[in-house]
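Visitor: Fold the following for me, if possible:
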Amino acid sequence: MALRIIGGHARGRRLGSPPGSSVRPTGDRVREALFNILGQRLDGWRFLDVCAGSGAVALEALSRGADAVVGLEENAALCRHIREEAARMELAEGLEVRCGDARAELRNLRREAGPAFHAAFVDPPWKKERLRQELLDILFEEPVLCRMAIVEFPAEAAEPVAPAGVRMTRRADYGGTALAFYEADGGR
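Guide: Here you go, the predicted model:
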């Protein structure tokens, strides 16, 4: 699948293919829809890409002006690929790639007690339904890691259950892919 940056200052640039055959990158159409919903410009945003895979979503956020993007990926070859693509596309400034288990890295981010992310995009392998739910739950544990979480999953599957104190605000289906948007209730 040929991927490209959809918007921002790197718009139209092609992304290199990620190594391996097990990667299922978020397609151009779904990324375009995601960023149409989030907003065309992410100036000043802190963005978290959980299970970053090809890095397409993280790089798109940087192209659209995000100040800081953290990509979590456990596959070392994919971590290298994301860093190399960011450098090649001149999007490396503001990018941090953490190579390790997403659950452990989310807990590390919480311990570091930095400011909350404006948004977190969660896209584990589709067959790992339990992991999708677990990652969503971890994001909204106190103190919350993000103001909003977006989960990508197969359209025929049920969306993850909103954790206590969190509500699902939107679900959007794009062919075989679905996105569910979650926000913490006021006061969290």
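Visitor: Over to the closest residue to residue 2 other than its chain neighbours: give its phi and psi.
Guide: The shortest distance from residue 2 to any residue other than its chain neighbours is 6.5 Å, reached at residue 14 (C-beta to C-beta, 6 or more residues apart in numbering). All C-beta spots, glycine's among them, are computed from the backbone N, C-alpha and C. Geometry field for residue 14 lists phi and psi as phi -80, psi 140, criterion degrees, to the nearest 10.
Visitor: which ones are touching residue 14?
Guide: Residues in contact with residue 14, defined by C-beta atoms under 8 Å, 6 or more residues apart in numbering, are 2, 3, 4.
Visitor: Count residues in the vicinity of the first one, would you?
Guide: Using other C-beta atoms under 10 Å, the number of residues around residue 2 comes to 9.
Visitor: again, but for the second one
Guide: For residue 3, the tally of surrounding residues (other C-beta under 10 Å) stands at 22.
Visitor: doesn't residue 10 fall inside a strand?
Guide: No. The assignment for residue 10 is coil, going by DSSP: H, G, I helix; E, B strand; the rest coil, so no strand is present there.
Visitor: What backbone torsions are found at it?
Guide: Listed backbone geometry of residue 10 is phi -100, psi 20, with angles given as degrees, to the nearest 10.
Visitor: so what's it scoring on pLDDT?
Guide: The predicted local distance difference test score for residue 10 is 88.
Visitor: Show the contacting residues for it.
Guide: 59, 62, 63, 89, 90, 91.
Visitor: Tell me which entries of those lie within strands.
Guide: With strands defined by DSSP state E, no entry of those lies inside them.
Visitor: and of those residues, the nearest to residue 77?
Guide: For the contacts of residue 10, the closest approach to residue 77 (C-beta to C-beta) belongs to residue 59, at 16.8 Å.
Visitor: Now the element after the helix or strand of the chain with the lowest mean pLDDT, going C-ward?
Guide: Within the chain, no helix or strand scores below strand 3-4, which has a mean of 84 by mean pLDDT, DSSP states H and E. Downstream of strand 3-4, the next assigned helix or strand under DSSP states H and E is strand 14-15.
Visitor: quick one, what contacts residue 74?
Guide: Counted by C-beta under 8 Å, 6+ apart, residue 74 has contacts 99, 100, 101, 102.
Visitor: quick one on the thing from earlier: what's the closest of the contacts of residue 10 to residue 166?
Guide: Nearest member of those to residue 166, counting by C-beta to C-beta, is residue 62, at 26.6 Å.
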